[in-house]
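In: Here you go, sequence then predicted model.
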Amino acid sequence: MHSDVGTTVAVWCGAPEEADGGHHIEWSVDENLLWGHNTQLAAVAEPGVRQEREQVVLRGRLALTSDGLATLDVGGAHILFDHLTRPPGVAPPPQGGDGTWVEIRVAADSVGAWPFQL
């Protein structure tokens, strides 16, 4: 998948015969935000998407909600994450983490691309 902020592999969630060509897509990620494990502060304050081996790296601005959810703004695309349930030893995002630039690394097969029309 090619976008204005980078290139990566994702699971196509539309009709197989419609996969070729340009699309508006909605991202889905089937992994939780786990601070210090798959999520860390970004070294660069700009949106990005890239492939590293079997992982997709999403870089964007983090937004935390009071009900335990998070969204990542990656160049205008907002990706929803759940961080309500954390395994033992996984810290919550740091105080003041709302609005910070982060990188989230997830398994490539957990990233879906859902086409839609405007």
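Out: On my side now, so go ahead.
In: On the pLDDT front, check the nearest residue to Ala63 once chain neighbours are set aside for me.
Out: By the measure of C-beta to C-beta, 6 or more residues apart in numbering, the closest residue to Ala63 outside its immediate chain neighbours is Thr71, 4.7 Å from it. C-beta here means a position set from N, CA and C on the backbone, and glycine is covered the same way. pLDDT for Thr71: 90.
In: same check, this time on the one 3 residues further on
Out: Per-residue pLDDT puts Val74 at 95.
In: which residues does it bridge with?
Out: Using DSSP bridges, the bridge partners assigned to Val74 are Ala77.
In: okay, now it: neighbour count?
Out: Val74 has 21 neighbouring residues, counting by other C-beta atoms under 10 Å.
In: quick one: it and Val57 touch, right?
Out: No - using C-beta atoms under 8 Å, Val74 is not in contact with Val57; the gap is 10.5 Å.
In: Quick check: neighbours shared by the two?
Out: 48-49 (C-beta atoms under 8 Å, 6 or more residues apart in numbering).
In: State the distance from the residue of the chain most remote from its centre to Pro115.
Out: Distance to the chain centre peaks in the chain at Glu17, reaching 25.6 Å (criterion: C-alpha atoms, centre = their mean). Distance, Glu17 to Pro115, using C-beta to C-beta, to the nearest Å: 12 Å.
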